[in-house]
Structures are given as structure tokens and as C-alpha cells.
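Q: model this:
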Amino acid sequence: MRFAHISLPGSATPQLVTVDHDGAAVVSQLFDGAPVTLNELIEGGDELLDRVRAAASTAPRIPLDGAVYGPAVPQPPVILAVGLNYAAHSSELGLKTDTAPTVFVLWPGSLAGHDGTTSWPRTLSESVDYEAELGVIIGRPAKDVTPESALDHVWGYTVVNDITARDIQFAEAQWSRCKSFDGFTPVGPVVVTADEIPDPQDLRIWTVLDGHTLQDASTGQMVRPVSTLIAHLSASATLLPGTLISTGSPGGAGYSRDPQVFLRDRSTVTVGVEGIGELRTHCRIID
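A: Numbering: from 1, shown residues only. You can find the predicted model right below:
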């Protein structure tokens, strides 16, 4: 199944909906006691998901015309990001892929939805870059899990654009701030349940900036697959339901190009992952 958070015309409040080719169905209206948020749905386990699936199959659909998307994962307990998880990206940035994953946290205010506008002051950065990433949402709590069982703890997958101020990234030891400006973590347009993605290491991943394809790779090129990342992260802390993990970006970043390519005022950047969809962001630079 596919889930999104959208605000319908005439309402400013995002609602959890199921999405298919016929439109959307508001989950909270499917039956008495239906979940209102994605976190409630995830915490309800397989039984609740099956009930939502059954009810949604016969529910009336609402057209998505005019809908405003919120972050597909609006309130994760934490956003964990993994850096340098594709050898080509590590090499182009001149950074070493370490023996252990590079892990940092993204701030919740950076979350944004599909087809939204992300803006930042020119005085803060003129070297803002794109990074297409596969997002993983944890379903069942994961603590000390093995790589072999790690995917059993995944509830679903989404698309993340890990927008990055490169000048700040290379000026500071920690990477959280350079990637956590307001709106720098678009997520969506949907979350796809794990049953629809049988192999997260066999997905095409890409970026198109202003009509030009700048990243085009496969998640199979990850240095550490999703299962290994979950096992590594769960060794030190319990991964709670709803946790969002952004799993790293392939080669093709604008910073490494000659000449360099950065997000400009009025740029439109689209990142996509096969089997999930395309996530579009409009850019504005404030003078």
C-alpha cells in the first residue's frame, strides 16, 4: 500500500491517506477508531494495516487535484542519516569510506513535502546541493538485530532528498546543521509498505535538476545494504517504530562537477526511487 499526508482544498490540516491510481482515501474515515497518523498506523502492527487495507479497497476516492503534500513521514522519533554509503559519492567528495558507517541526525524542522518550496538566505550558502536517497521506516522495535533479520523490522520505504549546504559541510566537523535548514529534508511523495519492495538493493535511484539527469544509479551500489545499516544502528540503541533512516546518496553530486552545479533560485529538483515515486522540490534563494 501507499500512504501520504495531504491537505485537501479548503483545509490546512494534513491528513493520512491511502493513495492509488484512482485517488486518495482518508484513513481516519475508513472505520471507527481508524488511525489518524502514520505513527498510529505503524504502532498498530500488521493487524491494523490489514484492516486498513481491507477497508480502503472499497472506500470512495478523493481526487488529488489541488492537494498539498506534507512530509510522508511527518513525526518520526528520530531521523538518522547515513553518509558516504556509495563509493562513487565518497570519492567525488574527496572523503574516505570508513570501516563503520558515518551516521548523523537531521533536525525535525528540516522535513518537507512533495512539490513544496524550500528557501534559504543567500548569505548562509550559495553552494546548496541535492542528494537522492532511499528512506527506510522502521516498523517493529529493533535492538541488536542481525543483518539476516533486519528487514523484518522495516515497515516501509520512501524517497528522501538530503539537501546539503556544501560550504558549511566542509567548514564544520558535524554534518547535521548543513543538512537541516528548514525544508532541507523533503520526504515523499508517499511511503510504500515493505511488501511492495521485495529487495531494497535492486532499485534505480536518480536526480533530475532543471530537466537534466545528474544522478542515475542503483541502490545495489550501497557500500552497506539496508540490512547491515539497521543491524549496525540497532547495536547501540533501540530503533523505535516510525524511525526514518536515510541511507546515503550515489555519485553525481553537483559539488563534484566541473563546472559545479548547485541549486539556484527557481530551480526545480526531482529525486526518485524505482517502485516508490518521484519527489519534487522548488527552490528559492532569499537575497
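Q: could you use CA atoms for every contact and neighbour count after this?
A: Noted.
Q: how deep is residue 31 tucked in, by neighbour count?
A: Residue 31: 12 surrounding residues under other Cα atoms under 10 Å.
Q: which element is it on?
A: Using DSSP states H and E, residue 31 maps to neither a helix nor a strand.
Q: what's the closest non-adjacent residue to it?
A: Excluding the flanking residues, the one nearest residue 31 by Cα to Cα, 6 or more residues apart in numbering is residue 55, at 7.5 Å.
Q: so what pLDDT did residue 90 get?
A: For residue 90, the pLDDT comes out at 72.
Q: hang on, I meant residue 67
A: Predicted confidence (pLDDT) for residue 67: 93.
Q: for it, what are phi and psi?
A: When read as degrees, to the nearest 10, the backbone of residue 67 gives phi -70, psi 150.
Q: so residue 157 sits in a strand?
A: Yes - assigned with DSSP: H, G, I helix; E, B strand; the rest coil, residue 157 falls within a strand.
Q: list the contacts for the nearest residue to residue 39 once chain neighbours are set aside?
A: Nearest residue to residue 39, sequence neighbours excluded (Cα to Cα, 6+ apart): residue 242, at 5.9 Å. Counting by Cα atoms under 8 Å, 6 or more residues apart in numbering, residue 242 makes contact with 38-39, 42, 73, 75-77, 137-139.
Q: can you check residue 48 too?
A: By Cα under 8 Å, 6+ apart, the contact list for residue 48 reads residue 41.
Q: one more time with 10 Å, if that's ok
A: Each residue near residue 48 by Cα atoms under 10 Å, 6 or more residues apart in numbering is listed here: 34-35, 40-42, 54.
Q: quick check on those: which are buried?
A: 34-35, 41-42 (16 or more other Cα atoms under 10 Å).
Q: and of these, the nearest to residue 226?
A: Taking Cα to Cα as the measure, residue 42 is the one of these closest to residue 226, at 19.1 Å.
Q: my guess is the residue nearest to residue 31 is in a helix, correct?
A: Yes - assignment of residue 55 by three-state DSSP places it within a helix.
Q: relative to residue 5, how far out is residue 66?
A: When Cα to Cα, to the nearest Å is applied, the distance between residue 66 and residue 5 equals 13 Å.
Q: between the two, which is the more surrounded one?
A: Relative neighbour count places residue 5 above the other of residue 66 and residue 5, with 29 against 11, counting by other Cα under 10 Å.
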